[in-house]
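[1] predicted model, plus sequence, below.
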Amino acid sequence: MSREHCLFRGCLIPTRLPFLEKASIAVLDKLGIDHEPLPGATCCMEPIGLRSMAMDTWLAVTGRMLALAERDGRDILTLCNGCFVSLKEAAHILSDSEARERVNLILSDIGLEYGGGCQVRHLLEVIRDQGRSKVVDLTERTLNAKMAVHPGCHLVRPSQILGVERPFRPQLLAEVATWVGADVIQTQDWPRCCGGGLSGVEEELSKEILADTVQEFRGGGAELILIPCPFCFVQFDLKQREGLPVLYLAELLAWSFGASSEELGFKNHRTRLPF
């Protein structure tokens, strides 16, 4: 029996990409996946910048949100790779009783305690667990485009903690895409960084990494990029100059399940979609 979920939207999706949240909720509802907003949610203290500046604060912040979900008897469902790795690594650290005791001492001031019973799950995992047949049965139309898949760094690494997908030749994102009839091409054995993590530090290097990845996809015959992460979405959709369209996983599924381009806000994509 699947657990109920607290939906953790993160910061980037509700503030800059609300149409990705709309697509995600449409998919969850269509699949009959229970979800409620995570009460009192804050920033996850994403893993590249904020966490490295204040590790103890990160663990207290993430521990608080794990405790909130656990209090309601729910797991946390994330829509973002960065949120996923931040919360998942925190849960891993807090599986140690001594680390959990230190965090609970802080949480006791606000009447919370984390017992280690909350799981952190990525949208891709939750869809996978629904099974191929259920997704196929809901599919009303198929996207006629050759698609490159880019899982992103924080879905596959650190693989021993995340446990979603192997870091070498990952297949899960491509597999789920084929359930709705996508024509997937594989071009990367070791998924590259999209360059987004460097954009605020070394903009030119970030652009070079992005351009190399997009050119590799285009050289392999891709007409579209599929991603499961809003940070990768911003990088590929807003910052690339090669004109290769990008779709977030939930957008592909919601469209395949029958939602219109207008309902999903495809007009908000900077790089225009061909449908």
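    Cool, the structure landed.
[2] please count neighbours and contacts with C-alpha atoms only from this point.
    Will do.
[3] which helices and strands sit right next to the helix or strand encompassing residue 174?
    Assigned by DSSP states H and E, residue 174 belongs to helix 172-179. If contacts are counted by 3 or more Cα pairs under 8 Å, 6 or more residues apart in numbering; DSSP states H and E, helix 172-179 sits against helix 123-130, helix 132-138, strand 183-185.
[4] can you list those in a markdown table and add distance to residue 268, mean neighbour count and mean pLDDT?
    Below are the helices and strands packed on helix 172-179 laid out as a markdown table (distance: least, Cα to Cα, whole Å; neighbours: other Cα atoms under 10 Å; pLDDT from 0 to 100):
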| stretch | distance to residue 268 | mean neighbour count | mean pLDDT |
| --- | --- | --- | --- |
| helix 123-130 | 22 | 16 | 97 |
| helix 132-138 | 25 | 14 | 98 |
| strand 183-185 | 24 | 17 | 93 |
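[5] can you redo the ones you listed as JSON lines with distance to residue 235?
    As requested, the helices and strands packed on helix 172-179 are exported to JSON lines (distance: least, Cα to Cα, whole Å):
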{"stretch": "helix 123-130", "distance to residue 235": "20"}
{"stretch": "helix 132-138", "distance to residue 235": "28"}
{"stretch": "strand 183-185", "distance to residue 235": "21"}
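[6] for the residue most central in space within the chain, what are its contacts?
    Centroid-nearest residue in the chain, with Cα atoms, centre = their mean: residue 80, separated by 3.0 Å. Residues in contact with residue 80 (Cα atoms under 8 Å, 6 or more residues apart in numbering) are 9-10, 122, 228-231.
[7] state the distance from it to residue 275.
    25 Å (Cα to Cα, to the nearest Å).
[8] how is the residue nearest to residue 41 when sequence neighbours are not counted assigned, secondary-structure-wise?
    Using Cα to Cα, 6 or more residues apart in numbering and skipping the chain neighbours, the partner closest in space to residue 41 is residue 65 (6.6 Å). Of the three states, residue 65 takes helix according to DSSP: H, G, I helix; E, B strand; the rest coil.
[9] ok, residue 65 - how many residues close by?
    Taking other Cα atoms under 10 Å as the criterion, the count of residues near residue 65 is 25.
[10] equivalent analysis for residue 32, please.
    Neighbour count for residue 32, taken as other Cα under 10 Å: 10.
[11] what does the pLDDT read for it?
    With respect to pLDDT, residue 32 scores 97.
[12] low-confidence regions, the stretch 1-150 of the chain specifically.
    Flagging of the stretch 1-150 of the chain using pLDDT under 70 yields the residue ranges 1-2.
[13] could you pull out the helices for it?
    For the stretch 1-150 of the chain, helices defined by DSSP state H, counting those that start in this stretch occupy the ranges 12-16, 18-31, 50-53, 55-71, 81-93, 97-107, 123-130, 132-138.
[14] of these, which is nearest residue 246?
    Residue 246 sits nearest to helix 18-31 of all the helices of the stretch 1-150 of the chain, at 12.1 Å, using Cα to Cα.
[15] and the contacts of that closest one?
    9, 13-14, 34-35, 79, 130, 134-135, 230, 248, 250-251, 253-254, 257, 264-265, 268.
[16] how about 10 Å then?
    Applying Cα atoms under 10 Å, 6 or more residues apart in numbering, the set of residues contacting helix 18-31 from outside is 7, 9, 12-14, 32-35, 79, 123, 126-127, 130, 134-135, 138, 229-230, 233, 247-257, 259, 263-269.
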